[in-house]
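Student: Sequence first, then the predicted structure, then my questions.
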Amino acid sequence: MGILMLGALLAAMAAYALARRRRLCLLGAPLQLPTATRIDRWLLMGSLVFGGGWGLAGYCPGPAVASILVGGVKPLLFFVAMVAGMGVYELRQRHGAQRAAA
């Protein structure tokens, strides 16, 4: 597993190095890279929930979506929980933006 993570990290580092040199993405839209660099409690909690869900279900997001086509309850439950987590994140972001604007 460590070799897999190291390979993913190296690929991501190379991709970010190339992306920082560009102003537009391959389809011509403005390239928007993340600007946040602070590690806060929300990032840590989200990472723990994501990793815990991945470990408990045994699926990472991509194969889980593909596994829905094969059938079975487990990938469907994982997908529903994943989408619900994305919804909670969006609600939290909107609530935080409204509080900041007020």
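Tutor: Arrived safely, thanks for sending. Numbers count the residues shown, from 1 in each chain.

Student: any weak-confidence spans in the chain?
Tutor: Residue ranges of the chain with pLDDT under 70: 1.

Student: Would you map the helices across the chain?
Tutor: Secondary structure of the chain by DSSP state H: the helices cover 2-20, 41-57, 61-68, 73-101.

Student: Need the ones you listed in a markdown table (columns: distance to Gly28).
Tutor: Glycine gets a C-beta too; all of them are placed from N, C-alpha and C. What follows is the helices of the chain, written out as a markdown table (distance: least, CB to CB, whole Å):
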| stretch | distance to Gly28 |
| --- | --- |
| helix 2-20 | 15 |
| helix 41-57 | 31 |
| helix 61-68 | 26 |
| helix 73-101 | 26 |
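
Student: Just name the most buried of those helices.
Tutor: Mean neighbour count (mean count of other CB atoms under 10 Å) peaks for helix 61-68 among those, with a mean of 14.

Student: helices or strands next to that one in the packing?
Tutor: Helices and strands touching helix 61-68, by 3 or more CB pairs under 8 Å, 6 or more residues apart in numbering; DSSP states H and E, are helix 73-101.

Student: Which other helices and strands does the helix it packs on contact?
Tutor: Secondary elements touching helix 73-101 (3+ CB pairs under 8 Å, 6+ apart): helix 41-57, helix 61-68.

Student: Compute the inter-axis angle for it and helix 61-68.
Tutor: 130 degrees (axes from the mean of the first three to the mean of the last three CA atoms, to 10 degrees).
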